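Asks: give me the fold of what follows.
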Amino acid sequence: MKLSEIKKILQATVLVGENLPDKTVVGGGAADLMDDVLSAVVEDAILLTGLTTEEVVQTAEISGVGAVVFVRGKKPEESILELARECQLPLLMTRYSLFVACGRLYMNGLRGLDGSW
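Replies: Numbering: from 1, shown residues only. As a prediction, the model looks like this:
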């Protein structure tokens with residue numbers, strides 16, 4: 001699924017990566033524990049989270065996450081946005097809860113990383 005589609009489905013704001021609307025993600029996952037991300041995420045997946053810390057961007061970079069969506073309207077500080085720019089990691093923000101955002105993406109064809117189709 002392309003980031004432009006994710007933006008539309010989640011009525012999201014692009015915080016970083018406005019120039020990458022055609023970037024494709026292969027699946028999605030949600031976590032607030034970054035240890036879970038390191039153990040379960042595959043390269044070029046999208047990560048949905050309620051955390052807005054530097055650790056999220058660092059974990060995403062290490063694990064090869066393709067983009068991050070911050071839920072519940074949470075906007076990270078400018079230092080986090082700058083770190084994401086340096087890593088060339090797209091960041092989006094949606095007002096939807098983690099549960100609803102995941103459900104909307106799933107209903108529109110994005111699948112989880114555990115092979116559940």
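Asks: going forward, measure contacts and count neighbours with C-alpha atoms only.
Replies: Fine.
Asks: mind listing what Thr49 touches?
Replies: Ala30, Ala31, Asp32, Val68, Val69, Phe70, Val71, Leu98 (Cα atoms under 8 Å, 6 or more residues apart in numbering).
Asks: if you could redo that for Cys102, that was the one I meant.
Replies: Cys102 touches Gly29, Ala30, Leu48, counting by Cα under 8 Å, 6+ apart.
Asks: over to Val57?
Replies: Ile80, Leu83, Ala84, Leu89.
Asks: which residues does the first one contact?
Replies: Yep, that's Ile80 we're talking about. Thr52, Thr53, Glu54, Val57.
Asks: what strand or helix carries the last one?
Replies: Val57 belongs to helix 54-63 when elements are defined using DSSP states H and E.
Asks: returning to that earlier point: distance to Ile9 and pLDDT for the contacts of Ile80 - can I get that in JSON lines?
Replies: Listed next are these as JSON lines, based on distance: Cα to Cα, whole Å; pLDDT from 0 to 100:
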{"residue": "Thr52", "distance to Ile9": "21", "pLDDT": "96"}
{"residue": "Thr53", "distance to Ile9": "24", "pLDDT": "95"}
{"residue": "Glu54", "distance to Ile9": "26", "pLDDT": "95"}
{"residue": "Val57", "distance to Ile9": "23", "pLDDT": "96"}
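Asks: just the buried ones from these, in ChimeraX syntax?
Replies: Typed into ChimeraX, the line below selects the buried ones among these, using 16 or more other Cα atoms under 10 Å:
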select :52,54,57
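Asks: about what we covered before: who wins for neighbours among the contacts of Val57?
Replies: Among the contacts of Val57, Ala84 has the most neighbours (other Cα atoms under 10 Å), with 24 neighbours.
Asks: correct me, but that residue touches Thr52?
Replies: No: Ala84 is not in contact with Thr52 according to Cα atoms under 8 Å; the separation is 11.5 Å.
Asks: phi and psi next, for the residue nearest the centre of the chain.
Replies: In the chain, the residue lying closest to the centroid (Cα atoms, centre = their mean) is Val68, at 2.2 Å. Dihedral pair for Val68: phi -130, psi 140, per degrees, to the nearest 10.
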